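Q: Pasting the sequence and the predicted coordinates here, then a few questions.
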Amino acid sequence: MRDLSRDHRWLSLNTATVRKQGSLIDIVEACARHGIRAIDPWRDQVAAVGLDRAVRAVRDAGLELSGYCRGGMFTADAAHRQEARDDNRRAVDEAKALGASCLVLVVGGLPQYSRPGSAPSKNLALAHDQVADGIAELLDYARATGMPLAIEPLHPMFAADRACVNTMRQALDLCDRIDPQRQGGLGVALDVYHVWWDFELFAQIERCGLERMLAFHVCDWMVPTTDMLNDRGMMGDGVIDIPRVRAAVEALGYDGYVEVELFSNRWWDRPIDEVLSTCVARLKTAV
Ligand code: ZN
């Protein structure tokens, strides 16, 4: 397990963490002030400044991308399936232009929430099949582009609206189903917030192996959690044994970025420099 206590070379900032404090350009500048060498930007933040300008800003700052957030939302009714397909191919292209290491996939829940305007459905089994079909189809395009796809299992409280893939086992079963020969370009993004509670977590990390471990996201689980989406904790403030999870991931040989990703009303209220210096400090003591 790497010693992260001395420097923050392996810290990446998911830009949603400070999305309320400024534009992507502001965030890139703040990362430079704090010696942060990688980010994982969101598509809406890139779109707000324009893809070309975002590409230039990332390149000029010498930043790496530990991922690009996000593709997915494959679940849709027939009228919205083409939209899902086109949108995901654009996400792959943007990730490639930005030099991301992978495109993170939040796969979608029920169609009416994942692709608004879709006819209401309660058929979760159909959603599972649409996700598998959607990833399989996108994988051909992503492989041709040279962009790995990282399925991010989300906590089951998001099964209806964001992702009906909710455990590492389920994500890895999907990888096996879509890529049985392990030809590559498909894996998972492990976010401790979503999977820390899973009694199978450590067995599934072992099963995952290095080649399918494409990204590692950290924050903390607050007790009580007061908002389903926007009450993630700063590392060390909650109940997740983050070092134990990181040790298991790094035992695979993982030596990539540790990406800090908070959606938090309390941290969005604070100055960007305070948030980033806290991320750096907590990486050294609580991750
Ligand atoms: Zn994440």
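A: On my side now, so go ahead. Residues are numbered from 1 along each chain as shown.

Q: Return the residues of the chain in contact with the ion.
A: Along the chain, the residues adjacent to the ion under the rule CB under 5 Å from the ion are 191, 217, 261. For every residue, glycine as well, the C-beta is placed using N, CA and C.

Q: Try it again at 8 Å.
A: Contact residues (CB under 8 Å from the ion) of the chain with the ion: 14, 69, 104, 152, 189, 191, 193-194, 215, 217, 259, 261.

Q: Switch these over to a markdown table; also include pLDDT.
A: Shown next, in a markdown table, are those (pLDDT from 0 to 100):
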| residue | pLDDT |
| --- | --- |
| Asn14 | 98 |
| Cys69 | 98 |
| Val104 | 99 |
| Glu152 | 98 |
| Ala189 | 99 |
| Asp191 | 98 |
| Tyr193 | 98 |
| His194 | 98 |
| Ala215 | 98 |
| His217 | 98 |
| Glu259 | 98 |
| Glu261 | 98 |
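
Q: which ones are touching Asp93?
A: Shown in contact with Asp93 (CB atoms under 8 Å, 6 or more residues apart in numbering): Thr145.

Q: whoops, Met228 was the one
A: Per CB under 8 Å, 6+ apart, neighbours of Met228: 157-158.

Q: Would you state the strands of the stretch 101-250 of the chain in chain order?
A: 103-106, 149-151, 186-191, 213-218, 220-221, 232-233 (DSSP state E, counting those that start in this stretch).

Q: and the last one, which strands flank it?
A: Read it as strand 232-233. Take DSSP bridges as the rule and strand 232-233 pairs in its sheet with strand 220-221 (antiparallel).

Q: any chance you could map the helices in this protein?
A: Shown for the chain, the helices assigned by DSSP state H span residues 24-33, 43-49, 51-61, 81-98, 111-114, 124-145, 168-178, 192-195, 201-208, 242-251, 265-268, 272-286.

Q: roughly how far is the third one from the heart of the chain?
A: Centroid displacement of helix 51-61 relative to its chain, using CA atoms, centre = their mean, to the nearest Å, is 20 Å.

Q: Give me the angle between it and helix 24-33.
A: Put simply, helix 51-61 runs at 10 degrees to helix 24-33, going by axes from the mean of the first three to the mean of the last three CA atoms, to 10 degrees.
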